[in-house]
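**Q** Can you look at this prediction? I've put the sequence above it.
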Amino acid sequence: MPTYTGAVPGPDVFSALASPVRRSLLELLADQPQTVEELAARFDMRRPSVSQHLRVLKDSGLVREQRSGRHRVYRIDATPLREVTDWLHPFERFWRERLNSLAQLLDEDKA
Amino acid sequence: MTRLLTIKVDQFLPHPPSRVWRALIDPDLLGRWLMPNDFQPRVGHRFSFNAGSFGRPECEVLELEEERLLRISWRNRSLDTVLTWRLVPEGSGTRMLVEHSGFDVDDGFQSDAFDAMGDGWSERVATTLATFLDSLALEEPG
């Protein structure tokens, strides 16, 4: 069987996305950049917990933090998400695998 | 609003376009790297692939340009898509560009496809990400 050789996102991206709370945070940030206070207001959760989730997202590269006066504003970073989406999409994977098969077939079948 | 997703993948092949073209339009060769099929290189020809866990997509040859382009329709279950292969000479080889378009991200396609792939764990994430991808694509210039 051909194997998939495209870029695979780092494991911290997957563990960051494994939490429903963090996925909800990403959905909120996809709408617009927000402060931790604004985000915390949307959850039945204390601010330090939200901050902790945001730190995991930041460490995985999924969100960026920016200081604005006394506030920290969080915004989504598209790059790792795009990697994950590409990796996850079944047909993207399918075609990459098939094209590898084609390359192998053409290399072997020199005659 | 229907939002359609296009998959684009390309690969450089160190072989001339004539050779790559043959691997694309010869049903036996096509079956060896893609899937078993009853393809014939003739516009209007209807055929199917045996796609294993993806089912049996019903296809029709839509467009055919010798050593340059092959376009087919690809329908099964909730999928109603168009698949285009383009061959572009590059040095002494060929770049093959594959474009698979018409995936409706709002229409259960994701869950169908993921079930077929056995990747059930990622269903929720994938749906979310498909939405992201869509919104990000809108933001990108070009």
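**A** Now that the structure is in, tell me what you want to look at.
**Q** From chain B, how far off is the closest residue in space to A:Ser51 that isn't next to it in sequence?
**A** Spatial nearest neighbour of A:Ser51, chain neighbours left out: A:Val36 (5.6 Å); criterion: Cβ to Cβ, 6 or more residues apart in numbering or on different chains. C-beta coordinates here come from the backbone N, C-alpha and C atoms, glycine included. According to Cβ to the nearest Cβ, to the nearest Å, A:Val36 and chain B sit 21 Å apart.
**Q** again with A:Asp31
**A** Distance, A:Asp31 to chain B, using Cβ to the nearest Cβ: 9 Å.
**Q** What are the phi and psi values at that residue?
**A** Reported as degrees, to the nearest 10, the phi and psi values for A:Asp31 are phi -70, psi -50.
**Q** can the host helix or strand of B:Trp74 be found next to chain A?
**A** Following DSSP states H and E, one finds B:Trp74 within strand B:69-76. No: Strand B:69-76 is not in contact with chain A by Cβ under 8 Å from any Cβ of the partner chain; minimum separation 9.9 Å.
**Q** A:Leu102 and chain B: what is the separation?
**A** A:Leu102 is 4 Å from chain B, by Cβ to the nearest Cβ.
**Q** mind listing what that residue touches?
**A** Counting by Cβ atoms under 8 Å, 6 or more residues apart in numbering or on different chains, A:Leu102 makes contact with B:11, B:13, B:20, B:23, B:33-34, B:96.
**Q** which one of those residues is nearest A:Leu26?
**A** For these, the minimum distance to A:Leu26 (Cβ to Cβ) is 31.6 Å, reached by B:Gln11.
**Q** Against A:Asp44, how distant is the most centrally placed residue in chain A?
**A** Chain A has A:Leu81 as the residue nearest its centroid, 3.3 Å off, counting by Cα atoms, centre = their mean. Applying Cβ to Cβ, to the nearest Å, the value for A:Leu81 to A:Asp44 is 26 Å.
**Q** try B:His100
**A** B:His100 sits 42 Å away from A:Asp44, going by Cβ to Cβ.
**Q** Which stretches in chain B count as strands?
**A** Using DSSP state E, the strands of chain B run over B:4-13, B:46-48, B:58-65, B:69-76, B:79-90, B:93-104.
**Q** need those strands in a markdown table with mean pLDDT, can you?
**A** Converted to a markdown table, the strands of chain B look like this (pLDDT from 0 to 100):
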| stretch | mean pLDDT |
| --- | --- |
| strand B:4-13 | 81 |
| strand B:46-48 | 97 |
| strand B:58-65 | 97 |
| strand B:69-76 | 94 |
| strand B:79-90 | 92 |
| strand B:93-104 | 87 |
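**Q** Let me have those strands in JSON lines, extended by mean neighbour count.
**A** Formatted as JSON lines, those follow (neighbours: other Cβ atoms under 10 Å in any protein chain shown):
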{"stretch": "strand B:4-13", "mean neighbour count": "17"}
{"stretch": "strand B:46-48", "mean neighbour count": "16"}
{"stretch": "strand B:58-65", "mean neighbour count": "15"}
{"stretch": "strand B:69-76", "mean neighbour count": "18"}
{"stretch": "strand B:79-90", "mean neighbour count": "17"}
{"stretch": "strand B:93-104", "mean neighbour count": "19"}
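**Q** Fine by me, we can end here.
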